[in-house]
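[1] Need a 3D model of the following:
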Amino acid sequence: MAYEKPLPVLNEESRPFWEGCKRHALVLQHCEDCGAVIYYPRALCTACHSARLAWRPVSGAGSIYSFTVCHRPAGPAFKDDTPYVVALIDLKEGARLLSNIVTDDPGSVRIGQAVRVVFDDVTDEITLPKFQVVHP
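    Down below sits the predicted model:
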C-alpha cells in the first residue's frame, strides 16, 4: 500500500538531516563559530548568522516541551491514526523539534516527560523521526 500522508521535501539544506534519519541517526547542524545547535536545517546559524555549519549526530534524548492530542485527523490520510500526539521536543543538545509521540495511550503523555527518538521507515526513501516516552 502506498504511503498517503505528506512527505518532507528534500533540498540541499535538509538532505543531510533526512539521510541521517534513513540511517536511523539523528543529525543536526552545529555552528562552528558560536556552538549553537540548529533545527530546522538552513544555510545560516540562527544565533550568529555564520555560514560555518557542520552536521553532527545528537543523542535523540530529550523531553516534551508541549503537546496536543489530535482527535480529529489533519486530513483523510490521518484518520486511522486518531487519536495521535503532536509534540514539541526539547533535545538535550538544545534544539527543539516538532514531531509525534508514538504511544498506545495518548492520555498518559505529559509535559516534561523524557523521550527518545525512534525512526519510522515510511517509504523506501523517507524515514521520519518520532519519539517515545522513556519510562524509568
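[2] so residue 20 is in which element?
    helix 15-22 (DSSP states H and E).
[3] So in that sheet, which strands flank the following helix or strand past that helix, and in what orientation?
    Per DSSP H and E, the first helix or strand lying C-terminal to helix 15-22 is strand 27-31. If you go by DSSP bridges, strand 27-31 pairs up with strand 37-38 (antiparallel), strand 53-57 (antiparallel).
[4] Only C-alpha atoms, please: export strand 27-31 in PDB.
    Provided in PDB are the C-alpha atoms of strand 27-31 (Å, rounded to 0.1, in the frame of the first residue of the first chain):
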ATOM      1  CA  VAL A  27      22.000  14.500  12.900                       C
ATOM      2  CA  LEU A  28      21.700  18.300  13.300                       C
ATOM      3  CA  GLN A  29      23.600  21.300  12.200                       C
ATOM      4  CA  HIS A  30      26.100  22.800  14.700                       C
ATOM      5  CA  CYS A  31      27.500  26.300  14.300                       C
END
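[5] Could you tell me the angle between it and helix 15-22?
    140 degrees (axes from the mean of the first three to the mean of the last three Cα atoms, to 10 degrees).
[6] Give me the contact list for strand 27-31.
    Here strand 27-31 makes contact (Cβ atoms under 8 Å, 6 or more residues apart in numbering) with 16-17, 20, 36-39, 41-42, 45, 47-48, 50, 52-58, 91, 93, 95. C-beta: built from backbone N, CA, C; applies to glycine.
[7] remind me which residues of this structure are low pLDDT?
    1 (pLDDT under 70).
[8] how does it divide up, domain by domain?
    With domains defined by automatic domain parsing, the chain comprises 10-58, 59-136.
[9] End to end on the shortest one, go ahead and measure it.
    In this case it means domain 10-58. 20 Å (Cα to Cα, to the nearest Å).
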